[in-house]
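**Student:** From the sequence below, what's the structure:
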Amino acid sequence: MENVLKEYLNYKFQQPYQQAFYYTSLLIKHRMWQRNEFLEVLPHIEADNLMKFVPQITLRTFFECYVSGNMTSKEAEFLVQDIEESFFKGHVAPSKPLFPSQHLEERIIRLDSRTNHYYPVEGLSEKDENSALLHYIQLEQDDSKMNVQLELFVLSAKQAAFHQLRSVEQLGYIVVLMTRNDSGVRGAQFIIQSTVKDPAQLDLRVEAFLKMFESKLYAMSDDEFKANVDALIDVKLEKHKNLREESHFYWREIEDGTLKFDRKKIEVDVLRKLTKQDLINFFDNYIKLGSPGRRKLTVQVYGSSHSGAYKLARSIDISSNKDVCNGKKVTSDTSDREILKDDTVKLASSDQPADVNSGELAEYQGKCIHDIYSFKRSQTLFGSLRSGVNQAYN
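**Tutor:** Below you'll find the model as predicted:
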């Protein structure tokens, strides 16, 4: 019990970017316990409670199996049958199947198109000066063509993002662009940890970078596009390094309910037919500022060096104030390099400067999330992939 309690208490010592990952999951997953809820009940659990709970675990049961390694398919079937008999035909308190209403399902919040939500929160350690931003752009649910377009965008942009945001602007040591997969719902996410700028300012830097990358994408040569496609195909065709890696791949398909065990082949076939215009259309429709299908959520963890900026972010709902951009007052005399000048936010010290004009900033206007659960109740949900035709809950 002490070890479990200590594990939850130590969460406050995690780095701000790790806290941002946690809050993002809490915001977009339909059902997820907060760590504070575990901390509230743990001190009240006694050994007697645990002894009474153990027999209840197997009263009603549903299980899924994946067998790999040195075992034939017939031996795997026998193994599963043995497990079933142990659970459902045992002499001591045999289990019963779960009721249909009892099956767990992972459902993900579906953000509305053309939305920009942001959740500001204080870092858990008062001694940590670092702030962190997780800038999440949500896409669709396990669509093969969209999956590879997302991966190709990230492959094409991640080096440029690192160069611009870390090397040129020196925002912080942690600057990452990567894909995200929540129960089959895909997306792109920028993660930045910094003492130089507060999370609202970091978010503006990401938007300015995307504006810069837009021009790079439009100017990309056919040879560079093909090289990126070939590099992604090579990654997908690479064999699993070990049994653990292979098992993780297949089990993820089972756990998410996607069941595309030939995913690599399917996505490589799609990639080989993809054109540069397909990638440009994807960027224009889902990634760029103001695009019709863009669904954005940012989690902003404020460190001790940005406590004043946190209070501002919490006190202002952007959608009702045109002079405020993501909790940041934007004026012609704003200090540092991130300013509105001639109605633009400029990409500072860039090899290829880009401007975000005032018309595009109108698309940037977002809405502050003050309460996680009120926000989640106001959103629609993606359907559960585990309820598809390939699933057998009986």
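
**Student:** Validate this expectation: I137 resides in a strand.
**Tutor:** Yes: applying DSSP: H, G, I helix; E, B strand; the rest coil, one finds I137 inside a strand.

**Student:** burial count for it?
**Tutor:** 25 (other C-beta atoms under 10 Å). (Each C-beta comes from the backbone N, C-alpha and C, glycine too.)

**Student:** is it in a bridge, and if so with what?
**Tutor:** Judged by DSSP bridges, the bridge partners of I137 are A188, K296.

**Student:** residue contacts, it?
**Tutor:** Shown in contact with I137 (C-beta atoms under 8 Å, 6 or more residues apart in numbering): G187, A188, Q189, Y286, I287, R294, R295, K296.

**Student:** Just the helices from the stretch 201-350 of the chain, written as ranges.
**Tutor:** In the stretch 201-350 of the chain, the helices defined using DSSP state H, counting those that start in this stretch lie at 222-237, 243-256, 263-273, 276-282, 307-315.

**Student:** what's the distance between K216 and F282?
**Tutor:** Distance check for K216 against F282: by C-beta to C-beta, to the nearest Å, it reads 15 Å.

**Student:** More neighbours: these two, which one.
**Tutor:** Counted by other C-beta under 10 Å, K216 and F282 do not tie: F282 has more neighbours, with 23 against 14.

**Student:** Ok, which of the helices of the stretch 201-350 of the chain comes nearest A200?
**Tutor:** Of all these, helix 307-315 sits nearest to A200, with 5.9 Å by C-beta to C-beta.

**Student:** Remind me what the closest one packs against, helices and strands.
**Tutor:** Contact here means 3 or more C-beta pairs under 8 Å, 6 or more residues apart in numbering; DSSP states H and E; on that basis helix 307-315 packs against strand 115-122, helix 199-218, strand 295-302, strand 328-329.

**Student:** Now do the phi/psi pair for the closest residue to L171 other than its chain neighbours.
**Tutor:** The shortest distance from L171 to any non-neighbouring residue, by C-beta to C-beta, 6 or more residues apart in numbering, is to S194 (4.8 Å). Taking degrees, to the nearest 10, you get phi -150, psi 150 for the backbone angles of S194.

**Student:** what about S194, how many neighbours?
**Tutor:** Using other C-beta under 10 Å: S194 sits among 29 other residues.

**Student:** Renumber starting at 8 from here on
**Tutor:** Got it, first residue is 8 now, which makes that one S201.

**Student:** correct me, but it touches A207?
**Tutor:** No: S201 lies out of contact with A207 (C-beta atoms under 8 Å); the separation is 11.6 Å.

**Student:** for stretch 271-287, which positions count as buried?
**Tutor:** By 16 or more other C-beta atoms under 10 Å, the buried positions in stretch 271-287 come out as K271, I273, E274, V275, V277, L278, L281, K283, D285, L286, I287.

**Student:** Let's have the residues you listed in CSV, adding distance to L57 and pLDDT.
**Tutor:** Shown next, in CSV, are these (distance: C-beta to C-beta, whole Å; pLDDT from 0 to 100):
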residue, distance to L57, pLDDT
K271, 43, 95
I273, 45, 96
E274, 45, 96
V275, 49, 97
V277, 50, 97
L278, 51, 97
L281, 54, 96
K283, 59, 97
D285, 55, 97
L286, 54, 97
I287, 57, 97
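
**Student:** Among these, pick out the one closest to E53, please.
**Tutor:** For the buried residues of stretch 271-287, the nearest to E53 is K271 (49.5 Å; C-beta to C-beta).

**Student:** Next, work out how far apart that closest one and V192 are.
**Tutor:** Counting by C-beta to C-beta, the gap from K271 to V192 is 20 Å.

**Student:** same question, Q208
**Tutor:** Computed with C-beta to C-beta, the distance linking Q208 and V192 is 28 Å.

**Student:** where does the stretch 208-357 of the chain dip in pLDDT?
**Tutor:** Applying pLDDT under 70 to the stretch 208-357 of the chain flags residues 323-357.

**Student:** redo that, cut-off 50
**Tutor:** Flagging of the stretch 208-357 of the chain using pLDDT under 50 yields the residue ranges 325-352, 354-357.

**Student:** Just the strands from this structure, written as ranges.
**Tutor:** 67-68, 103-104, 116-117, 122-129, 138-148, 181-189, 192-201, 302-309, 331-332, 335-336, 351-353, 362-364, 374-375, 387-388 (DSSP state E).

**Student:** mean pLDDT for those: which is lowest?
**Tutor:** Mean pLDDT is lowest for strand 331-332 out of the strands of the chain, coming in at a mean of 39.

**Student:** residue contacts, D210?
**Tutor:** Counting by C-beta under 8 Å, 6+ apart, D210 touches Y125, L140, H142, T305, Q307, N333.
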